[in-house]
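A.B. asks: got a structure for you, letters missing:
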């Protein structure tokens, strides 16, 4: 079964450093997303991306965050200057089309900011 | 603030019993409703989707939707210890660019004991 893959599975960084989280969505999918889950809290939407541009973003997704699809397969989330409160599990997801199409989630990257 | 509310539990049921999980949502423009299962430290896994009022059955799972009451539920029949997990209710708005923007509840912890 096709799956969304994320690397690395764990990332430890110092506060103020830049991190890039990587995702390979399912190959024929067109819509890509980042969600995050702080330990013990809800899964939260960050951003959706379609046709090489952001289609929607949440209040969390401020100027410190950016997304990119640098080639035909990867989808990345960059946090420019990490804060302690950015520590969370970050999930990439993709879907074939918009509308009611279901989202496939990757296994996540656990980001720890020290 | 558009909210999705779930009883955090824990809900404990004996093996073989029916587990009933409930979810309410505040946004009347909600269009699509999903139940995800999340094991500790893992990503959400879609188990049911429902879009119109009534019941939808898939194996041991039945989702029920009542848009007038803004209520969605999940029944798990013949509960097994392997069903022990956190169950997340997720809701998607209609229209606009909210293709994959899901709003999640905080999840209900289900424990099925032998």
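C.D. replies: Received, thanks. Predicted model only: the values in this text are computed from it and were never measured.

A.B. asks: Chain A contacts on chain B?
C.D. replies: Taking Cβ under 8 Å from any Cβ of the partner chain as the contact definition, chain B meets chain A at B:31-32, B:34, B:42-46, B:49, B:51, B:88, B:90, B:92, B:96-107. Where you see a C-beta, it was placed from the backbone N, CA and C, and this is true even at glycine.

A.B. asks: From residue B:51, how far out is the closest residue to residue B:94 other than its chain neighbours?
C.D. replies: The shortest distance from residue B:94 to any non-neighbouring residue, by Cβ to Cβ, 6 or more residues apart in numbering or on different chains, is to residue B:31 (3.7 Å). According to Cβ to Cβ, to the nearest Å, residue B:31 stands 7 Å off from residue B:51.

A.B. asks: Run through the bridge partners of the residue at minimal distance from the centre of chain A.
C.D. replies: Per Cα atoms, centre = their mean, the C-alpha nearest to the average position across chain A is that of residue A:34, at 3.1 Å. Beta-bridge pairing of residue A:34 under DSSP bridges involves residue A:47, residue A:92.

A.B. asks: per-residue confidence for it?
C.D. replies: pLDDT for residue A:34: 97.

A.B. asks: who touches it in this structure?
C.D. replies: Residues near residue A:34 by Cβ atoms under 8 Å, 6 or more residues apart in numbering or on different chains: A:21, A:23, A:46-47, A:67, A:77, A:90-93.

A.B. asks: if we go to 10 Å?
C.D. replies: By Cβ atoms under 10 Å, 6 or more residues apart in numbering or on different chains, the contact set of residue A:34 is A:21, A:23, A:44-49, A:57-58, A:60-61, A:65, A:67, A:75-77, A:90-93, A:106.

A.B. asks: Pull out the buried residues from stretch B:28-39.
C.D. replies: Neighbour-count burial for stretch B:28-39 flags B:30-38 (criterion: 16 or more other Cβ atoms under 10 Å in any protein chain shown).

A.B. asks: just to revisit the earlier point, mind checking which of the contacts of residue A:34 are buried?
C.D. replies: The neighbour count (16+ other Cβ under 10 Å) marks A:21, A:23, A:44-49, A:57-58, A:60-61, A:65, A:67, A:75, A:77, A:90-93, A:106 as buried among the contacts of residue A:34.
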